[in-house]
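Chemist: The following comprises the amino acid sequence and a computationally predicted model.
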Amino acid sequence: MGKHVKVGDRLEVVFAPAQWGVETQELINGRRAFAIDSGPTPLAFDRWEVMVVDMNPARTVYFVEPLNLVEAADGLGAVLMPYLPFYHEFIREAEARLAQLLSKVGKLNADDEADAVDEILSNCLLPEAYKADVLSRFEAQRVSYAAS
């Protein structure tokens with residue numbers, strides 16, 4: 001990172017695996033930087049816009065607040081972008097479970113499929129708009145399978 005960054009500055013970073021959680025791949029002013037615990041939890045290799053919020057008392061480590069997901073390493077960027085970062089972890093979990101279910105479309109009867117989708121979407125921390133999107137995607141997949 002070429003220019004000097006100070007507390008309050010915003011910048012784009014990529015997160016990398018760390019011993020506990022993730023840290024920025026890029027050093028900030030020559031120091032390691034970690035996401036604060038009270039905000040969204042970035043995954044390794046996600047690109048985020050962050051704000052530098054603090055340093056530790058020894059002034060050896062920066063802390064950054066993830067503000068906006070720029071690029072999701074798991075390919076879910078288009079799914080995640082419309083929703084606040086608070087929801088990303090829950091949506092990623094739901095998408096993984098839905099992918100497993102979609103691989104079984106046509107092998108289960110329609111009632112079992114509907115029950116499985118309802119169970120996945122019953123997580124109260126998923127936004128209603130996301131739930132509606134999932135239901136429409138699932139129905140389109142089922143129609144596509146039935147037509148083939």
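Modeler: Yep, it's here.

Chemist: Could you pick out the longest helix of this protein?
Modeler: Criterion DSSP state H: the longest helix present in the chain is helix 128-147.

Chemist: so how far is that helix from its chain's centroid?
Modeler: 21 Å (C-alpha atoms, centre = their mean, to the nearest Å).

Chemist: Give me the contact list for it.
Modeler: If you take C-beta atoms under 8 Å, 6 or more residues apart in numbering as the criterion, helix 128-147 is touched by 82-83, 87, 91, 94, 98, 102, 105-106, 110, 113, 117, 120-121. No exception for glycine: its C-beta is placed from N, CA and C like everyone else's.

Chemist: list the buried ones in the biggest strand by length in the chain?
Modeler: Longest strand in the chain by number of residues (criterion: DSSP state E): strand 61-71. Burial within strand 61-71, assessed by neighbour count using 16 or more other C-beta atoms under 10 Å, is assigned to 62, 63, 64, 65, 66, 69.

Chemist: beta partners of the closest residue in space to the third one that isn't next to it in sequence?
Modeler: Meaning residue 64. The shortest distance from residue 64 to any non-neighbouring residue, by C-beta to C-beta, 6 or more residues apart in numbering, is to residue 50 (4.0 Å). Here residue 50 sits in beta bridges with residue 11, residue 66, as judged by DSSP bridges.

Chemist: for residue 47, what are its contacts?
Modeler: Counting by C-beta under 8 Å, 6+ apart, residue 47 makes contact with 12, 13, 14, 69, 70, 71, 73.
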